[in-house]
Each structure stands twice: as structure tokens, then as C-alpha cells.
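Asker: give me the fold of what follows.
(one chain, ligands or ions: 2)
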Amino acid sequence: MELLKKGYKPKKEVVASFYVEPASGIKFSEALESIAKESSIGTWTSLRTMTKQAKKLAPKIFYWSEKKHLAKIAYPQALFEKGNVVQILSSLGGNIYGMKDVRNLRWFDVEMPETFCNTFKGPAFGIKGVRKHFKVKHRPLLGTIVKPKVGLTAKQHAKVAYNAWLGGCDIVKDDENLADMGFNRFERRVKETLKMKERAESLTGEVKAYMPNISAPADEMLKRAKLVKELGGSYIMIDIIACGFSALQYIRNQDLGMIIHAHRAGHATFTRNPKHGISMLVVAKLARLAGVDQLHIGTAVGKMHGSKEEVLPIHKALSEKMGKLKSVVSVCSGGLHPGHVPALLKIFGNNIIIQAGGGIHGHKLGTIAGARAMKQAIETCMQGVSLNEYAKTHKELAIALKQWC
Ligand code: CAP
Ligand code: MG
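Answerer: Ligands and ions are numbered 1, 2, ... in the order given. Model (predicted):
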């Protein structure tokens, strides 16, 4: 099969971009052909069983630069099952990583025809739906993660959430490793925390939200999602890497009318190495196909790996046109405190959710003050004043800046 077609212009194909380092003794073009075959219709040797029909599904390697280790491969849409994210990963994120012909391989981008994107449900709410839910038009939304990550009882968890809402948080979420624990049962936590949410809403007059983590075996996830809905919740949170795209699509495809918050814990096992793995940009596009409404993308300024050059394209990709799919809200979280807010909003703009865990619950005066300090930092950006200026008349912010800057 002749797969190298330099200069070919893809039409309605799925285009995957790769970083490729061949193994020693393997030519760059040989490595590319192995990748193209193994990710589509071929294998290590020619086949007596190959048919004309099957050959029509052969991909075309239409761009490559050995110097830059780059290649672009156009795959016929017919190679991919409509509405099935799992099979995209099994093809483009599958066997090719284990082949001896490649020393390093990173799938760093994917472009899909609108007609293919439209075979997926995509986000049920998107940016517009989330903002409408909170009746918040312009400013970034503010969230917190109840800390300690695990260890509190359901009642204690709910109290921390209540204080965060009183202090000004719109959203409170479970941490990624909090599930149905002996010391904090899922149902009890959801009941207690939603009760506190309603109390905080009546006190503040603002819409508040709780994002319980339903990550578990898929059958249990559905039970928990339905329970949250029955109890009056509006959100569910899913650890999409640990749960996998099958479970994510399974829950999305139930059309429960719940906003889906996607945590990406574990992504760095394969997104972090610049020479090998799958980029967070690809994960983000697949998560949008699968139907998340919100997705952690990194902060560029906080505690997690991920530069502005890497994170900003992900933020843009979540609202760029992808057929008729709704946009996804970028969630910036990880090591953030009030001192980070101006730099964060300068990079990403206001159409994001800012989340702080330690940056709120670690505040010297406690959670309410910590949430107030984060909200005050957002206010400085909305009003165009400096943090230090605003801190002169806002003590919670002043204390936070002294504590962490
Ligand atoms: C943040 C966090 C989030 C990270 C995940 C944590 O807490 O709850 O899981 O944001 O990283 O457990 O670290 P802090 P990312 O605010 O206390 O750091 O968003 O990059 O996926
Ligand atoms: Mg966490």
C-alpha cells in the first residue's frame, strides 16, 4: 500500500498530527508507514486477505518533516464509528504506541470534519448554559474543592461547602479521590451538602452549585447520578481518565439534564511528556465530543505542569467551532490563590471557572474569608484596579496576599 502522499489535500477526513521518533535502524518514512497501517487497516506484513474495498480505507500521510519529527495523516471518516469516542482512541491512541518501530510517539492534535463531530451528543449545556444556570453573565465563576481531599464526615464536608458559598463561591466540588467512603457516605454527603446549598442560596440570594464526584463502576455512576438528580442537584463530576470515555459517554447519553464537570486526574501519565503520549489538547477535543460541559485544562500559573503555550490552545479549542457541538467551559484549578487571579485572567479572559482549594481553605481566617479573598481578587480585575490598591480596603484579600505572595 502506498501511504506516503506528500501534498495530498485532505477532504472530509479525520486528520491526526503526530510527533514521531523512529527506533534506531528504522527510517522515518518506515516508521510513518507502520503508524499509518497499524492505526487503520494494516499490520506488520502484507496480507493475502486484503481486499480492494479494505484498501479504500487506507490513510494518507500527506505531510511530514523528519527534521521536526512531525507528520500529519488523513484517515477516511469511514474508519471511525459515528458517536464512538472509545474507538477513536483504540485507533489513533492504541497499538501504535507499543510498536518497536517507534522510539517516541505523541499524538498532539486531531481535526475532525463537522459531519463527524455532529454524530456525537457533545455538551448538553456548554458555556451559555452554565452561565444561564448561575445567572452570571460576564465575570469568571468561582469554585472551590472541599479540603482536606478526603477525611471529613458528610456533615463536616457540607459545613465547609456552606462557608465557601457564604464567602462568595458559586460552585463547590468534591475532590477527585472522594467517592463513597466509610467515614463519608456518598448519599449522606449529597443530602447534607445540598441542604447547605439551599441555605446558602436563601441567605445570599445567589444561585449556588454542588458538584458531587460520581466516579465509580459505570452502573454505580448511573445510580449516583440519578440520586443526585432526585435530591435536587444540578451537577455531576466525573474523573474522565479514571472512568474512561465509555463510562463518560454512557452517562452523557442518558440525557439526565445534569451539568457534567470533567476532572482529568491521571491525564499527566500520558499528556506531560512532550515526546511521547497524547496531548491534553486531543483529550479536550475528545471530551467535548463525549459531552462534558466543563473541563480542567490547567492554569499556566498554579502548581500543576502546563505552560501558557500549552494550556491556552486547549482553552481556545473548547469554544472553537466543532460542527454543531456546544462549547465547553475551561476550568482553571490547581495551586491557585488570590495573587494568581490577575495573571490568570490576563491569559484566559473571563469566560472560565476559577477553582481554589488550598487557596481558600488555607486562608488564615478560614474558608469564608478565603472565598471572600478570591472573590475580591476577581472584583479587582472586573473593576480594573490593582490587588494591592483593593487590599487597602478589603482585609481578607490583604491577608491572603501577605500569606501567599
Ligand atoms: C486543586 C485540586 C485539583 C487540581 C487538579 C487538587 O486543589 O483539587 O484536583 O486542580 O489539577 O486536588 O490539586 P488546590 P488540574 O486548589 O488545593 O491545588 O486542574 O491541573 O487537573
Ligand atoms: Mg483535587
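
Asker: beta partners of the residue nearest the centre of the chain?
Answerer: Nearest to the mean C-alpha position of the chain, by Cα atoms, centre = their mean, lies L295 at 3.0 Å. Applying DSSP bridges to L295 gives these bridge partners: A262, S330.

Asker: show me the contacts for it.
Answerer: Counting by Cβ atoms under 8 Å, 6 or more residues apart in numbering, L295 touches 262, 264, 284, 287-288, 318, 328-331. Every residue, glycine included, has its C-beta placed from N, CA and C.

Asker: please redo it, this time with the cut-off set to 10 Å
Answerer: Counting by Cβ atoms under 10 Å, 6 or more residues apart in numbering, L295 touches 123, 240, 260-264, 280, 283-284, 287-288, 314-315, 318, 328-331, 353.

Asker: per-residue pLDDT, it?
Answerer: Looking at L295, its pLDDT reads 98.

Asker: can you tell me the SS state at the closest residue to N273 other than its chain neighbours?
Answerer: Of all residues not flanking N273 in the chain, R106 sits nearest, at 7.2 Å (Cβ to Cβ, 6 or more residues apart in numbering). Three-state assignment for R106 (DSSP: H, G, I helix; E, B strand; the rest coil): strand.

Asker: my guess is S246 contacts V85, does it?
Answerer: Yes. S246 is in contact with V85 according to Cβ atoms under 10 Å; the separation is 8.1 Å.

Asker: between those two, which one's more packed in?
Answerer: Between S246 and V85, V85 has the larger neighbour count (other Cβ atoms under 10 Å), namely 23 against 14.

Asker: quick check: phi and psi at the more buried one.
Answerer: phi -70, psi -40 (degrees, to the nearest 10).

Asker: so what's it closest to, chain neighbours aside?
Answerer: V85's closest residue in space is F245 (Cβ to Cβ, 6+ apart), at 4.4 Å.

Asker: A strand includes the one you found, no?
Answerer: No. Using three-state DSSP, the assignment for F245 is helix, not a strand.

Asker: what are the structural domain limits within this protein?
Answerer: For the chain, automatic domain parsing gives the domain ranges 14-117, 126-404.

Asker: for ligand 1, which of the ones you listed is the nearest?
Answerer: domain 126-404 (2.9 Å; Cβ to the nearest ligand atom).

Asker: is that closest one up against ligand 1 anywhere?
Answerer: Yes. Domain 126-404 reaches ligand 1 (Cβ under 6 Å from any ligand atom) through 145, 147, 149, 175-176, 264, 296, 298, 303-304, 333-336, 356-359.

Asker: now the buried members of the residues you listed.
Answerer: 145, 147, 175-176, 264, 296, 298, 304, 333-334, 336, 356-359 (16 or more other Cβ atoms under 10 Å).

Asker: quick revisit: okay, and the common contacts of S246 and V85?
Answerer: Each of A290 lies in contact with both S246 and V85 under the rule Cβ under 10 Å, 6+ apart.

Asker: distance of E2 relative to S202?
Answerer: E2 sits 69 Å away from S202, going by Cβ to Cβ, to the nearest Å.

Asker: for T43, give me the pLDDT.
Answerer: Value listed for T43 in the pLDDT field: 89.

Asker: how much space between it and ligand 2?
Answerer: Separation of T43 from ligand 2 (Cβ to the ion, to the nearest Å): 42 Å.
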